[in-house]
Structure formats: structure tokens, C-alpha cells
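Enquirer: The amino acid sequence is not available; the structure is as follows:
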């Protein structure tokens, strides 16, 4: 049976929220910055007006100002974005219980076969626009992989439908780098060995050879090239863990930038814990390198916490211990696992 | 090198220095033990660069010499030998150590002794020498090392603060949930006070190596406060010190109390042991319900633990209670840890409230104070 998967991505989310709160910013090149707004900060989100000048997330502010001197720079206000994100997710859950929130501004939905997935996507776009004054891009496809790739091709305010059977045809002309997980190293190998540039080129490579070259990842690439993916929607109603992650526009090699994103996500995780009246005993760092190798490292605390500063501190410490700084980072995530009710029994700490 | 020693002395000496052998090291020679003749004895030494242990055993030295051999290999081999004389001879051309004992013969391939790092000897650059009775040292080590932090998120807390002042030493350790402070008299008087942070593991090693040694222990600290040496009978242990500032523990010790509960240490220990069977499933929580009885006494402590899965338990012991009744919960393991080293038939628990630190002290002595944070009890 054909599934109907929607991938939804809020357009320039932080910047859009800022414009919503201050209409004077609308239509202007706007940069929402993390860290020091004046010098050492980095771009969290740039409005589409600023992106035209080449500004992208994780770029140093100095560089961003050079590219777009007229940009208005505002400091990120995470608590506010988190609140707006929550509203979006609540709205999505009204449409279907099968919602998988991937990050603060991204989610997958599955619409059951009896309903019209495209109509649902339109309705979501309208409601998000009318009720929440935000804009989003949605792609409808038969699986998560294709809907995710499709969504990125029509931002902002886009709606794209890839009918079942057209997956491979749709992917064929796209550069192979559009496949999540085809990082610099993978791409270089594909190019050197099989002269792969587009996804169509990749689809022509024998799946066994890909497996021989890349192992499990090769099997994934072979499937991805044909638009095949059967991963399920993972709803998190029981809240076994809370996490946030961020895929960078460009791979990041600077500790400072990674730390700023960690701080932001740590704060986001702390807020979600507070909302759910939970505390976490384990803090998890997730790092994906440019070659798509992914590591998760964790630290278990002796007292559960929902404290933003403690979560940030441990996330930074994990980064310090485990990031191989020779390697560029493609994705960074912070998670809180081993959750306990806020009112559970726990060991109090000495005021050392 | 040609030397004979007794198998017992050799096995014991190897066991002692093996505490300092590196288990994972990029420097292969650190997984070796150095054997060297020195002043008519055989010197055994090992180091992981954090600590270094040197031990001397009686020997008949025929030819001087030195070699390093893999620690694991020589330890396992010597332990398997009968209690007889072990004759060792080094073939310096092949760096092979020949061992002969009763009807056993072995050749162990070694590495040149010159590759072994020099274990510092604290003789020059020593600030002051400190003497302490071996029993006192063993006690203060036992009463403090257990509450040092296991994880190294704050490295200073993995150590024990040692403050030497005039004729008194104070050890303190804390792991974020509990604090132990123990003082003792020194066998010598210091000219100037000195504070250092000694890794808890070093102190545990010192205590184990001391065994039942009677002779006082000599402690020396280098002038730059980077290393400490314990001079024991036939053994020297040198350890790096932990750099950093130990938190001010005095401000953690509550200065007031609303309830003082005196109990028999063994009775409480048993009651906690019984309760902990049921506490395992519930974050190790045991509750102490303390009530004061009347003027004639009759105070008591009810110790309970419950788990939704495994059941519950109620135990009761007599107590002399001054002040308000209180219910307070502790981690059973933390209670057990301190009760086992308390070394006093009667103990006092001083409390200030269910969420404030409790203080445990031996009755009749004021040289040991243990502060323990309660458990927060949810709804």
C-alpha cells in the first residue's frame, strides 16, 4: 500500500518569527544571531532576503556582514521560537497523530490512505499561515527520504507532490549531494570511482559494488538513489527522550560555532523538559561528520536535571572530549535521555 | 645480574608494585616491572606515570644488574612457583631473564632497564617531612576515600584534601552528595601549614600496601607541591598530586540542627541493610522516621523502604532523640558506606529538615564528621 508522507519545513523559521513580532522587519535582510551580536556571533537563521547575498546559517557574523552590510542583526530568542514551534506541532497533531518532530522547525507526518494527502498538505499550509502567521514548505511523497529531498527543492512557501512511481524520475537530475548522508567524502569517492555527479549516475552503479565500497551506508545509497525508503514515522508520545539536532548548511569546523549551536539546543531541550514536567539523567551528544559517520556520546548525571546551564555544560564537555576537531561536522544534536518525572525521588546535591 | 630471592618475597613484592603498572599505555615499557639489584637487595619498581611504587626484598646478589619484564607474565609465573628459592640470571646480550625455582626453569624476554622511566625519589626538593602512626593513617584513609568522587567531571573531587597544620592532619573528601572530614594527630610538628589534594586511589593503594605494618609512615611533599611520597617499610610510593582548589568544605557543614538522634551504629547498619533489599528498585531510597518519645526516653527510628515491584519493609530501632520529630530519606548505599567505617558503637545523626544535609558523627569523639544529602521524595 502506498504511504503518504509529508515533510514539513518552516521557512526561515527564527527570522519569520522575528518578523511576526516586529512587522517593521518584514521584507528586509534579517539575520538572527547566536552568541555575541556584535563580533563573535554566528548566523542562526537568515531571512530569504539575506540569503540572496550568500548569507547562510553557521556563518560567522563578520563574514555575513561583509556579504550583506545592510542586514539587520537581532539576537536569537529561543524561548519564543520554541513556543511557536510548539504551536505548529500541536496544529500538526490535530491533523494526524502520526507526527515525528525532527527539529524545532521540521517534522514528518503520515496521512492515512483513506485521506487525500495533498489536500491535507494544503490545509496545513493554510492553517499555519492563517492561524500562526508562519510559512512552511511541504512535500508529499511515498516515503520520508523522497519527501525530505523534495521539500528542500521548493523552499520557501512551496508545495510539491511526488506521485508514487515517479520517485526515481524526480531524483534523477538532482546532484547526489541532495541525498541526506552523501557528504563530501562519500561524494568524492563516488566521483572518483564511478564518475557520479547526479542521483541518476548513482542509480546506475551496481548496488553490490556500493555495498562493497561503503558497507551498510552503500546499501542505503543504492536504495536512496532509486527513491526507496521504508523507515517509519517515529512518534514520541511516551517521551522516552527529548532531543534537538541541527544539520548545517555548510559543514562546520569551528568549535565556537558548534558550541553556540550546542548552547541553543541545550536550552531548547531544557525548555521541552520543563514543558513535559520531566528531568533527564543522561545527556547525549550526537555528531555526524562530513563523511556521514555518526557518533553519539553520553554522560549520565547522578541527579536528574532540567537545568539549562547543566545540560549545556555537559553537552560542551562531551563535545570537548569526543569531537575530532580535524573533521568537519555536518549535523550536531543534543539529547536528554533516561527521563524521570519531575516529582520523582532523587538524590539532592551538596552545595559544593 | 645474578640474584636469588625467596618465592614468597618475590611474589608479594610483585603484587605490591603491580598496583602501579599501567594497564593501558602507549608506552609498552610501563606495562613492565623493573628488577634491579641495589645495596644487597632486589629492587622491584613499576609506574604508570601517575604513581610509582618501589619495593625492596631481601636478596643474595651475586652479580649486579637490572632488567624490565612484562608485569603480568612474571606475576602469573612467580605465583605458580613453589615456595622455594628463585634464582634469577640475566642474559644481557639477549635481555632474557632466566628464572629457576625447584624443578621449574623459565626464560622471560625483557626490555633494557634503561628504557624504564626514572621514578622520582623525594629527597631533594622536599618541603617538610611528616610522620604519622600507621593505624591513624589507615583510619583516616578509610574514613575519607569512600566519599571521593568516582567520575572526574570535577577532578579535584576525585582526590582527598590533606591539610597538615602544626601537629594535626585533616583529610576531607566530597563527591557532590556527601562529605567526610577526618582529623588526626601527627607524630611530628610542622613549621608551616601545607594543603595538597591526593588522588583517592593513591591513598587506597597506600592503605593496602601498608597491610599490618606498625612502623610510622613518613610522608613528604615536593616543594612545588606536584608530588607526594609515602615512605613505608620496604616500600616507597610516589604519586602525582591533583592540581586545583578544593571547595571550602566548612561552609557545607551545617552549624545548627533541629533534631539530634543517637543510635547504636550496628543496629542502624542492620536496619539499613534489611531496607536496602527493597530500596534497590526505588533509587535506593530508605526513609528514616524519627520520633522523640517522652522525657523518659523511648525515642525510636523507623526505617522503611518500598518498591512498587518487589514489596516493602519496616524496621525499628531505639534511639535517643533530642528535638523535633522528622522524616528524612537517604540513599541506602551512602548510609551503609559511612556506617561501615564509623568505628564507633554509638553514632549521632543531626538533622535540620528533610531537604537539608544530615550530619553523622561518632558519639564521644569529635575527629570525624560526615555530611550526607538526603533524597528528595516525590509525591
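Expert: Ah, there it is. Treat the numbers as computed from the prediction; the structure is a model and nothing was measured.

Enquirer: Need the phi and psi values for residue B:343.
Expert: Here is the backbone geometry of residue B:343 (degrees, to the nearest 10): phi 60, psi 40.

Enquirer: in terms of contact, does it touch residue B:139 like I think?
Expert: Yes. Counting by C-beta atoms under 8 Å, residue B:343 does reach residue B:139; the two are 6.9 Å apart. In short, each C-beta sits where N, CA and C put it, glycine included.

Enquirer: Out of these two, name the residue with the larger neighbour count.
Expert: residue B:139 (19 against 14; other C-beta atoms under 10 Å in any protein chain shown).

Enquirer: does the more buried one belong to a helix or a strand, and which?
Expert: Using DSSP states H and E, residue B:139 sits in helix B:134-145.

Enquirer: how far does that helix sit from the chain's center?
Expert: Counting by C-alpha atoms, centre = their mean, to the nearest Å, helix B:134-145 is centred 8 Å from the centre of its parent chain.

Enquirer: is it anywhere near chain A?
Expert: No. Figure legend: helix B:134-145 not in contact with chain A (C-beta under 8 Å from any C-beta of the partner chain); closest approach 15.0 Å.

Enquirer: Apart from its chain neighbours, what residue comes closest to residue 184?
Expert: Since you didn't name a chain, this refers to chain A. Excluding its sequence neighbours, the residue lying closest to residue A:184 (C-beta to C-beta, 6 or more residues apart in numbering or on different chains) is residue A:290, at 4.6 Å.

Enquirer: um, chain B though
Expert: Closest residue to residue B:184 apart from its sequence neighbours, by C-beta to C-beta, 6+ apart: residue B:136 at 4.4 Å.

Enquirer: Count the neighbours of residue A:101 for me.
Expert: Residues lying near residue A:101 (other C-beta under 10 Å) number 23.

Enquirer: how close does it sit to residue A:9?
Expert: Residue A:101 sits 12 Å away from residue A:9, going by C-beta to C-beta, to the nearest Å.

Enquirer: Then residue B:208?
Expert: Counting by C-beta to C-beta, the separation of residue B:208 from residue A:9 is 61 Å.

Enquirer: now do residue B:46
Expert: Distance of residue B:46 to residue A:9, given as C-beta to C-beta: 60 Å.

Enquirer: higher neighbour count, the two?
Expert: Legend: neighbour count by other C-beta under 10 Å for residue B:46 and residue A:9, higher for residue B:46 (26 against 22).

Enquirer: for that one, phi and psi?
Expert: Taking degrees, to the nearest 10, you get phi -150, psi 150 for the backbone angles of residue B:46.

Enquirer: So it sits against residue B:53, correct?
Expert: Yes. In this structure, residue B:46 is within contact of residue B:53 by C-beta under 8 Å, at 5.8 Å.

Enquirer: Which residues are in contact with each of the two?
Expert: By C-beta atoms under 8 Å, 6 or more residues apart in numbering or on different chains, residue B:46 and residue B:53 have these common neighbours: B:17, B:19-20.

Enquirer: could you dump the residues you listed to CSV with distance to residue B:334, pLDDT and secondary structure?
Expert: Below are these laid out as CSV (distance: C-beta to C-beta, whole Å; pLDDT from 0 to 100; DSSP: H, G, I helix; E, B strand; the rest coil):
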residue, distance to residue B:334, pLDDT, secondary structure
B:17, 34, 97, helix
B:19, 27, 95, coil
B:20, 30, 96, coil
